[in-house]
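Q: I'll drop the sequence and a predicted model, then ask my questions.
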Amino acid sequence: MIRLSLPLPAVSLFLAVGCGTALPPPELVQARSTYDRASHGPAQELAPAELDTAKQALARAEAAFEDDGAGSRSRDLAYIADRKALLAEAQAGVVQAERERQATDKDFRKTQISSLAKTKEQLEEERRASEQGKKELEAERKARAEAEKKAAAAMASLAEIAKVKEESRGVVITLSGAVLFATGKYELLPIAAQKLDEVAKALKDQGFKNIIVEGHTDSRGNASANDVLSQRRAESVRTHLVSRGIPSDKIQAKGLGSVRPVADNATAEGRANNRRVEIVVEPDK
Amino acid sequence: MVNLSFRQTLSLSVVAGCLALTACGGAAVPRDQMTQAEAAVKGAEVGGANDEPKAALHLKLAREELNKAQNMINDGENEDAARMVARAQADADLALALAKQARARKDTAEAKEQIDQIKENIIK
């Protein structure tokens, strides 16, 4: 070993000349450039261990090139250093993608939670709406029942003063002519006004579309005179009902004379029944 | 500088020559490195390196380098073979890393696409 050290200066001189003149092999040029790129890219942050391994590999290649030029040893080491630098970059890519993936997963969970909350809110809203709808239906049903009850009560009270029948043309309230008018007259008697007030009150509690006031006479006397009288009597009743709050556009008067008897005109009782005013209430629906 | 006699110089060269011969011919067959590199190639294949063009390239290089190394071993050039095996190892490792990168990127892209779709559905 001592002997060996003797000629070393000469040897190193020879090597120094060799290095100074030799161009770096393409593998080393490539490795330097790849490492330079990797060390300035995301690998610096995301794959420092792999980058350091690449750095050491490159240093070995540089040392080999320094020692014995562009030989196969430095070329192989440079080739390996290049791969290690590429590997550091790939590893950085893996970490980068995984981080993005984690962020996406987090985002997914957040979205899921907010979507669940939203769905719950929607359901709650729907439930409230249906509750509200039920309440409204219930209120409507109650109101209708109330109105029907009121109408029935009104009809019942009406039945005490007049005959009430349900027919296909509607509810027919029949008032005796004798109660309403003096013979041959069409002005209402005071007692008639009182009765008609009650009729008006009952009618206002009904749901109705139209009201027709029909005047009828018995068959005695002149037919056209009967027609006129029945018309005027019907109008008297109509006017009174309107004055008591029945809308005028919903009520009309008709004089029908003796053409529609309800009883035998040959008897006094029959004739009394035929002299009448009928109030026809057309049902609302 | 110490002056050397002819005899001294001769013995020096013999020693040097002997050392050189020992270094070259005496290198062991890089059996373990070979086995490791072969395992790395297998690992890269399993890791999906064949599905990713860049990874497939390095996988191919690694296989070629393993073949070359085997030929060198057959020719008794064990030192060259060891360096060639190291190349194969580096290429195989890189192939696996590239395959992993490709797969991670693909997974992330898919996850992003999914979340975008879900968001779109929620907004609608």
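A: Yep, that arrived.
Q: mind checking pLDDT for residue 110?
A: All of this refers to chain A. A:Lys110 carries a pLDDT value of 88.
Q: meant chain B, my bad for not saying
A: On pLDDT, B:Glu110 comes in at 92.
Q: can you give me the neighbour number for it?
A: Neighbour count of B:Glu110, defined by other Cβ atoms under 10 Å in any protein chain shown: 12. In this view, the C-beta of every residue, glycine as well, is placed from N, C-alpha and C.
Q: one more: A:Thr119?
A: Residues near A:Thr119, counting by other Cβ under 10 Å: 11.
Q: next: the one 10 residues further on.
A: A count of nearby residues for A:Ala129, using other Cβ under 10 Å, gives 10.
Q: and it, what element?
A: helix A:72-159 (DSSP states H and E).
Q: check the gap between the one residue sitting closest to the centre of chain A and B:Ala111 for me.
A: In chain A, the centroid-proximal residue (Cα atoms, centre = their mean) is A:Glu126; its distance is 8.3 Å. Here A:Glu126 is placed at a distance of 32 Å from B:Ala111 (Cβ to Cβ, to the nearest Å).
Q: what does A:Ala225 give?
A: Counting by Cβ to Cβ, the gap from A:Ala225 to B:Ala111 is 100 Å.
Q: between the two, which one's more packed in?
A: A side-by-side neighbour count of A:Ala225 and B:Ala111, using other Cβ under 10 Å, places B:Ala111 first with 19 against 12.
Q: and residue 58, what does it touch?
A: No chain was given, so I picked chain A. A:Ala31, A:Arg32, A:Tyr35, A:Ala78, A:Ala81, A:Lys84, A:Ala85 (Cβ atoms under 8 Å, 6 or more residues apart in numbering or on different chains).
Q: wrong chain, I was asking about chain B
A: Applying Cβ under 8 Å, 6+ apart, the residues near B:His58 are A:Arg83, B:Ala44, B:Ala49, B:Asp91, B:Ala92, B:Leu94, B:Ala95, B:Leu98.
Q: what do you get if the cut-off is 6 Å, keeping everything else the same?
A: Taking Cβ atoms under 6 Å, 6 or more residues apart in numbering or on different chains, we find B:His58 in contact with B:Asp91, B:Leu94, B:Ala95.
Q: out of those, who's nearest chain A?
A: Taking Cβ to the nearest Cβ as the measure, chain A lies nearest B:Leu94 of the contacts of B:His58, at 4.6 Å.
Q: in what helix or strand does A:Trp261 lie?
A: Careful, residue A:261 is Pro; it's not Trp. Per DSSP H and E, there is no helix or strand for A:Pro261.
Q: go on, the one 10 residues further on?
A: A:Arg271 is part of helix A:268-274, with elements assigned from DSSP H and E.
Q: whichever helix or strand comes after that helix versus helix A:72-159: what angle between them?
A: Using DSSP H and E, the helix or strand that follows helix A:268-274 in sequence is strand A:276-283. Angle of strand A:276-283 versus helix A:72-159, following axes from the mean of the first three to the mean of the last three Cα atoms, to 10 degrees, is 170 degrees.
Q: in strand A:276-283, what's buried?
A: The neighbour-count check on strand A:276-283 (16 or more other Cβ atoms under 10 Å in any protein chain shown) flags A:Arg276, A:Val277, A:Glu278, A:Ile279, A:Val280, A:Val281 as buried.
Q: quick one, what contacts the first one?
A: The neighbourhood of A:Arg276, defined by Cβ under 6 Å, 6+ apart, consists of A:Thr174, A:Ser176, A:Gly177, A:His216.
Q: show me where chain B has helices.
A: For chain B, the helices defined by DSSP state H occupy B:6-25, B:31-46, B:53-74, B:78-123.
Q: average model confidence for the first one?
A: Pointing back at helix B:6-25 there. Averaging pLDDT along helix B:6-25 yields 48.
Q: before we move on, what about the third one?
A: Taken as a whole, helix B:53-74 has a mean pLDDT of 96.
Q: what residues does the stretch 1-150 of chain A have near chain B?
A: Residues of the stretch 1-150 of chain A found near chain B (Cβ under 6 Å from any Cβ of the partner chain) are A:3, A:6, A:76, A:79-80, A:83, A:86-87, A:90-91, A:93-94, A:97-98, A:100-101, A:104, A:107-108, A:111, A:115.
Q: against A:Arg37, how distant is A:Glu100?
A: According to Cβ to Cβ, A:Glu100 stands 22 Å off from A:Arg37.
Q: these two: who's more crowded?
A: The neighbour count for A:Glu100 versus A:Arg37, taken as other Cβ under 10 Å, is higher for A:Glu100 (17 against 13).
Q: need the contact list for the more buried one.
A: Neighbouring residues of A:Glu100 by Cβ under 6 Å, 6+ apart: B:Thr108.
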